[in-house]
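Engineer: How does the following fold in three dimensions:
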Amino acid sequence: MAPRRPATRLLTTLILAGLAFVAGAQDDVRLPDLGSSANALISPQEAQDYGAAMLRQMRALDMVVDDPLLDDYINDLGFRLVAACAKPRDHFAFFIVKDDEINAFAAPGGYIAVNSGLITITRNESELAGVIAHEIGHITQNHLQRAFEASKKDAPLMALVVLGAIAAGATGGRSAGDAPIAVLAGGQGLLAQKQINFTRKDEIEADRAGIQTLANAGFDPNAMAAFFQHMEDVMSVGAAGEAPSFLQDHPVTSDRIADAKARAGALIAAQKLHPSDDTLLKGQWEQITTPMPFVHAPIRLGRGSSDPGGLSTYALMRERVRVLSGNAVRLATWYSSNLKEHPDFDTPANHYGYALALTRSSRGEQAIAQLQPLLKAHKDSLILNLALADAELQAGRRDAALALYHSLNQQSPRNKAVALAYATALTDSGDKTQAATAADLLRPLLENSDQPEIYSAYARASEKAGDNERAGEAFADASYYSGRPFDAMEQLKRLLKRDDLNYYARARIQARIAELTPLVLELRKRKIETPDNPATRNGSQQLQDGRCAGRLCLGLDKASY
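Structural biologist: Below you'll find the predicted structure:
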């Protein structure tokens, strides 16, 4: 339901040229490890740093759905698949792109993204798992490393240019988006030709590895072929009878569907015939570890909690993605109309989505009315109770909301979604004591976190509680993880000038400055401009132009799926 983001489509082409790095492959699904020859061009740590930098840049351009519930869900699903894949030792991270184009992509460092538009078109969790398993296959089959080796200096150079071009047009106003596009055009042509030559082999290879991973993880291995067919049915006819660009660049052919069905059928047949023989297919397929039928366990929410009572976590999260990446007012109307006109639309997940849309469009009382019948049937659902607390807070029932947040936090301590919502409510309309409680709730979540909203919430709570040193550090970290390293550096430098810093605070700040200094120096050396780079024009206009130009050169709708 969200409006199309046409600029991101061009951005995807450039990201794919410099980032997805698809290259040639053998037909055999079990490939040798390239080892140091590929790592000589880009080490695992460099690849991970690059992927992390890409994610920060995307956040700076508001291209990421940053939501703790969805983050837990997509990562729990992703790591369940990783545990069943060929190389679970690799680094992986999963996130959702705020884009209604149907796509997903794998980036250096094991960063795997799924577009919101793809999630909302899937019909069950196995289809979504199939997409993610396919992208994991690109990582485990060494497609990115092999592309680096094949392209020598071309691909790494293009990758750096693409990363730097994200906001490079900020200096030139509205038409500046043409500048980074022109810079990239020459190199893109060569890499795009390589992509045309080799993508189909890589895609089939990733399909085969992904189907095995699906089976190992307990999902229906037929789901990948089913999704291909569904996608072809939905997308095969575009405007004026022309197929959408996704199918043009990454064709879902009848051969590819047939191959996926055959692979899945072989797994199912072999497991049924020899359920106890775990070495039956060794050498051609990896060991099947999950008995048939393919019934999967409930997805964990946070640390060990699960959604009880048979309520589909996948279906709830699909609607949450739809609402958080779209226009809440229009979506509320869409849910309302469909619930009235189509009896088969009357599902718990759609009522949940309707309630979210109502809450986000300032109609908390109506949202409560949608949630209460659901909670009668699923009273212990963390997801539904958290939605009710949010609705009560929006409706002005602060005491009831805080009581429910507190209860949920007692049940699921360290759950990011609960802690963030509870802490935000305490900070926004509470006193100094409640703000200190909010800071205490959030502090444990900062460890190893790269989510800017958690740092921002902790910073606001600390500031209101009177801990200005911690607040300043957290605001700087929020800027850094939001893709604004220059802002982060300036904030830390200003903080270091305070006369009231104790020894430990000063040491922390100095260490953070030392950590960021090589990054900002490298960005300046390469004349790479970010939305917060002092070299660009100024202030809010700079940021607005940076976002606009960035979307012209970092769209992600034509990546590796």
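Engineer: Run through the stretch 51-200 of the chain and note the low-pLDDT ranges.
Structural biologist: Applying pLDDT under 70 to the stretch 51-200 of the chain flags residues 143, 145-199.
Engineer: change it to 90
Structural biologist: For the stretch 51-200 of the chain, the stretches with pLDDT under 90 are 51-54, 57-58, 60-61, 85-91, 100-109, 138-200.
Engineer: Now do the helices in it.
Structural biologist: Under the criterion DSSP state H, counting those that start in this stretch, the stretch 51-200 of the chain contains helices at 68-82, 116-121, 125-140, 143-151, 154-164, 178-217.
Engineer: Identify each buried residue in the second one, please.
Structural biologist: To tie it back to what came earlier, the one meant is helix 116-121. Buried residues in helix 116-121, counted by 16 or more other Cβ atoms under 10 Å: S116, G117, L118, I119, T120, I121. For glycine as for every other residue, the C-beta is placed from the backbone atoms N, C-alpha and C.
Engineer: next one: stretch 83-97
Structural biologist: So stretch 83-97, judged by 16+ other Cβ under 10 Å, has buried residues A84, C85, A86, D90, F92, A93, F94, F95, I96, V97.
Engineer: check contacts around R512.
Structural biologist: E473, A476, D477, L492 (Cβ atoms under 8 Å, 6 or more residues apart in numbering).
Engineer: switch the cut-off to 7 Å
Structural biologist: Contact analysis of R512 by Cβ atoms under 7 Å, 6 or more residues apart in numbering lists L492.
Engineer: Show me the strands in this structure, by range?
Structural biologist: For the chain, the strands defined by DSSP state E occupy 93-97, 104-107, 111-115, 300-301, 305-306.
Engineer: How much space separates S254 from P221?
Structural biologist: Distance of S254 to P221, computed by Cβ to Cβ, to the nearest Å: 19 Å.
Engineer: the more surrounded of these two?
Structural biologist: P221 (28 against 11; other Cβ atoms under 10 Å).
Engineer: The more buried one reaches T213, doesn't it?
Structural biologist: No. Here P221 lies out of contact with T213, judged by Cβ atoms under 7 Å, at a distance of 9.1 Å.
Engineer: how close does A369 get to E515?
Structural biologist: On the measure of Cβ to Cβ, A369 and E515 end up 50 Å apart.
Engineer: Looking at these two now, which is surrounded by more residues?
Structural biologist: Taking neighbours as other Cβ under 10 Å, A369 and E515 compare with A369 leading, 15 against 11.
Engineer: got a pLDDT number for the more buried one?
Structural biologist: pLDDT recorded at A369 is 98.
Engineer: what's next to stretch 319-335, contact-wise?
Structural biologist: 1-2, 65, 67, 69-70, 96, 98, 116, 119-120, 349-350, 352-354, 356-358, 360-361.
Engineer: S126: neighbouring residues, count only.
Structural biologist: Neighbours around S126, by other Cβ under 10 Å: 23.
Engineer: mind listing what it touches?
Structural biologist: Contacts of S126 (Cβ under 7 Å, 6+ apart): F219, D220, A223.
Engineer: So which of the residues you listed sit within helices?
Structural biologist: A223 (DSSP state H).
Engineer: Pick out whichever of the contacts of S126 sits closest to N142.
Structural biologist: F219 (23.6 Å; Cβ to Cβ).
Engineer: Wait, that closest one touches A129, no?
Structural biologist: Yes. Contact between F219 and A129 holds when scored by Cβ under 7 Å: they sit 4.7 Å apart.
Engineer: Spit out the residues that contact the two alike.
Structural biologist: Common neighbours of F219 and A129 are not found (criterion: Cβ under 7 Å, 6+ apart).
Engineer: Can you give me the domain assignment for this protein?
Structural biologist: 6-235+251-294, 310-412, 421-529 (automatic domain parsing).
Engineer: can you count the residues close to A507?
Structural biologist: Neighbour count for A507, taken as other Cβ under 10 Å: 11.
Engineer: And for the one 3 residues further on?
Structural biologist: The number of residues packed near Q510 is 13, by other Cβ under 10 Å.
Engineer: With L339 instead?
Structural biologist: 16.
Engineer: How about the contacts made by it?
Structural biologist: F345, D346, N350, Y354.
Engineer: just the buried members of the residues you listed?
Structural biologist: Buried subset of those (neighbour count, 16+ other Cβ under 10 Å): N350, Y354.
Engineer: Is it possible to get the contacts of L339 out as TSV so that each row also shows pLDDT?
Structural biologist: As requested, the contacts of L339 are exported to TSV (pLDDT from 0 to 100):
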residue	pLDDT
F345	95
D346	95
N350	97
Y354	98
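Engineer: Counting only helices, which of the contacts of L339 make the cut?
Structural biologist: N350, Y354.
Engineer: end-to-end on stretch 62-74?
Structural biologist: With Cα to Cα, to the nearest Å as the measure, the ends of stretch 62-74 fall 19 Å from one another.
Engineer: Next, the buried residues of that stretch.
Structural biologist: Residues M63, V64, V65, D66, D67, P68, L69, L70, D71, D72, Y73, I74 are the ones in stretch 62-74 that count as buried (16+ other Cβ under 10 Å).
Engineer: All set, thanks.
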